[in-house]
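Asks: only geometry, no sequence info:
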């Protein structure tokens with residue numbers, strides 16, 4: 001039983017970088033969906049859209065790149081849960097700062 005639990009823990013730790021990169025991808029899809037639904041595909045060429053896109057990408061790109069880099073770094077997978085806690089702990093504060 002304990003052997004199975006350790007295998008599951010190691011397996012889930014290896015999936016955590018994908019979870020971080022996936023969060024960034026989901027946030028980007030939500031952003032695009034919001035623009036398509038709320039603005040019906042209009043205003044994609046306005047200055048406001050470009051500024052809004054730049055702000056969104058400022059928060060989204062580090063998540064995708066960080067998840068990619070984390071999976072390829074020399075950091076042991078046992079350290080991944082701490083990094084994921086930082087990511088998900090900081091996400092509400094970054095989301096609230098972009099919402100205002």
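Replies: Thanks, I have it. No experiment lies behind these values; they were computed from the predicted model shown. Residues are numbered from 1 along each chain as shown.
Asks: Please, which helix or strand holds residue 66?
Replies: Using DSSP states H and E, residue 66 maps to helix 47-72.
Asks: So what's the gap between that helix and the chain middle?
Replies: In terms of Cα atoms, centre = their mean, to the nearest Å, the centre of helix 47-72 is set 8 Å apart from its chain centre.
Asks: same check, this time on stretch 37-56
Replies: Distance of stretch 37-56 from its chain centroid, counting by Cα atoms, centre = their mean, is 20 Å.
Asks: so how many other residues sit close to residue 17?
Replies: Neighbourhood size, residue 17 [other Cβ atoms under 10 Å]: 22. Using the backbone N, CA and C atoms, a C-beta is placed for each residue, glycine as well.
Asks: how near is it to residue 83?
Replies: Going from residue 17 to residue 83 by Cβ to Cβ, to the nearest Å gives 9 Å.
Asks: Quickly list what's touching both of those two.
Replies: Common contacts of residue 17 and residue 83 (Cβ atoms under 8 Å, 6 or more residues apart in numbering): residue 70.
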